[in-house]
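Visitor: next comes the sequence, and after it the predicted model I'd like to discuss.
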Amino acid sequence: MIEIKKIYFIFPLLLAFLLVFSNSLNTNIFANSNYTFLVWFVLMLMSFVIGWVINYSFKWEKGIKTIFIVIFSSIFLSLVLVALFRNSFDLNTTLLGNFVLYSLRIFVLGSISIFGLSVAENIKNEKIAIGKTNEEPENKLSNNSDFFIKEAKLRAEKIIFDAEKEANKINERKTQIEIQLRELIHTEREVIRNYESISSNKIENNSTTD
């Protein structure tokens, strides 16, 4: 078992800082603005590079586990910060809706780090495959290279598909919660109106009786 040097743990910590820091940005980060697009692009590029470096520091299996731990830890920490310092964040909808928004932002940015990890792993596997087949016939080398490239593409597509699937689930949950809240508010208004109507009728009846 290969021991991981302690200095390498600075990269997961750096990724965690980057993910939590992204939530301090304005929620208009997805707007069509050159400035906000540049900031978001830089964050994604940094996340990609950190994922790439983690691959060479932690290898594939430990690296993917480390990144997932960092993502979920960052989500938990961000939700705590949002709950404690609500006035410091741009909260435009319900608190639960903002929790979903900030969690989704971290998950997307963390997925870019996973993508960087997978790209580095695919390139490394491709180099290993090419090194092992240098002495083989040219046609066999070509077949092996095509195989590893296809396998790399499938692995990258699976990671992206899983990330998009999870993001869609979060969006669906947010929509359901907002619908339920609207229905609850509408029901409460109807109950208040009925109560006021009943009270008015009672007062008129009492006045008529007197």
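Guide: Here it is on my side, so go on.

Visitor: mind listing the strands for the chain?
Guide: In the chain, no strands are defined using DSSP state E.

Visitor: where does it dip in pLDDT?
Guide: Residue ranges of the chain with pLDDT under 70: 1-4, 25-36, 85-95, 97-98, 131-144, 201-210.

Visitor: who's in contact with the most centrally placed residue in it?
Guide: Of all residues in the chain, the one closest to the mean position by Cα atoms, centre = their mean is residue 107, 1.3 Å from it. Shown in contact with residue 107 (Cβ atoms under 8 Å, 6 or more residues apart in numbering): 71, 75, 163, 166-167, 170. (C-beta placed from N, C-alpha, C; glycine too.)

Visitor: please indicate which of the residues you listed are buried?
Guide: 71, 75, 163 (16 or more other Cβ atoms under 10 Å).

Visitor: so where do the helices sit in the protein?
Guide: For the chain, helices defined by DSSP state H occupy the ranges 10-22, 34-84, 95-132, 138-209.

Visitor: which of the residues in the shortest one are buried?
Guide: Neighbour-count burial for helix 10-22, with 16+ other Cβ under 10 Å as criterion, is recorded at 11-12, 14-16, 18-20, 22.

Visitor: now, which of those sits nearest residue 113?
Guide: In terms of Cβ to Cβ, no member of those lies closer to residue 113 than residue 15, at 5.9 Å.

Visitor: tell me, how many residues neighbour the residue nearest to residue 60 when sequence neighbours are not counted?
Guide: Once flanking residues are discounted, residue 60 sits nearest to residue 121: 4.9 Å by Cβ to Cβ, 6 or more residues apart in numbering. Around residue 121 sit 22 other residues, with neighbours defined as other Cβ atoms under 10 Å.

Visitor: now for residue 121: which residues touch it?
Guide: Taking Cβ under 8 Å, 6+ apart, we find residue 121 in contact with 55, 60, 63.

Visitor: burial count for the first one?
Guide: This means residue 55. 23.

Visitor: before we move on, what about the last one?
Guide: Residue 63: 26 surrounding residues under other Cβ under 10 Å.

Visitor: hmm, residue 50 and it touching each other?
Guide: No. Using Cβ atoms under 8 Å as the test, residue 63 is too far from residue 50 to be in contact (10.6 Å).
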